[in-house]
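Peer 1: sequence unknown, structure follows:
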């Protein structure tokens with residue numbers, strides 16, 4: 001199980017904050033896919049969703065594939 005008890009390097013910008021990963025605990029069946037925040041992240045989320053669910057996703061991408069770094 002993946003847990004991030006402490007963040008060694010914190011990356012902050014107007015859009016993201018890596019410290020939000022400190023509270024994340026992965027479930028055994030979670031898949032983690034990392035991309036930079038502009039080069040087609042939403043496309044990659046949709047492609048993975050279509051492959052996993054073999055068609056239309058059962059919920060919006062923001063619910064199925066949350067962007068943990070995104071600042072509120």
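Peer 2: Sure, I can see it. It should be emphasised that the depicted structure is a prediction, and the values quoted were computed from it without experimental measurement. Numbers count the residues shown, from 1 in each chain.
Peer 1: Only C-alpha atoms from now on, for both contacts and neighbour counts.
Peer 2: Noted.
Peer 1: Going by contacts, tell me the helices and strands next to the longest helix anywhere in the chain.
Peer 2: Scanning the chain for the longest helix, with DSSP state H as the assignment, gives helix 41-53. Packing partners of helix 41-53 (3 or more C-alpha pairs under 8 Å, 6 or more residues apart in numbering; DSSP states H and E): helix 61-64.
Peer 1: list the buried ones in the helix it packs on?
Peer 2: For helix 61-64, the neighbour count (16 or more other C-alpha atoms under 10 Å) marks no residue as buried.
Peer 1: Check the offset of the longest helix of the chain from the chain's centre.
Peer 2: Remark: helix 41-53 is offset 12 Å from the chain centroid, using C-alpha atoms, centre = their mean, to the nearest Å.
Peer 1: For the protein, which residues score under the pLDDT cut-off?
Peer 2: By pLDDT under 70, the weakly predicted segments of the chain are 1-8, 37.
Peer 1: what are the ranges of the strands in it?
Peer 2: Shown for the chain, no strands are assigned by DSSP state E.
Peer 1: what's the span of stretch 21-41, first residue to last?
Peer 2: Stretch 21-41 has its terminal residues 18 Å apart, counting by C-alpha to C-alpha, to the nearest Å.
Peer 1: Counting neighbours, which bits of that stretch end up buried?
Peer 2: Residues of stretch 21-41 classed as buried by neighbour count (16+ other C-alpha under 10 Å): residue 21.
Peer 1: do stretch 58-72 as well
Peer 2: Applying 16+ other C-alpha under 10 Å to stretch 58-72 flags 65, 69 as buried.
Peer 1: who's in contact with it?
Peer 2: Applying C-alpha atoms under 8 Å, 6 or more residues apart in numbering, the contact partners of stretch 58-72 are 14-21, 45-46, 49.
Peer 1: Try it again at 10 Å.
Peer 2: Identification of contacts with stretch 58-72 by C-alpha atoms under 10 Å, 6 or more residues apart in numbering yields 11-21, 23-24, 31-34, 37, 41-42, 45-46, 48-49, 57.
Peer 1: Look up the residues forming beta bridges with residue 25.
Peer 2: Under the criterion DSSP bridges, residue 25 forms beta bridges with residue 3.
Peer 1: Could you measure from it over to residue 68?
Peer 2: As judged by C-alpha to C-alpha, residue 25 and residue 68 stand 11 Å apart.
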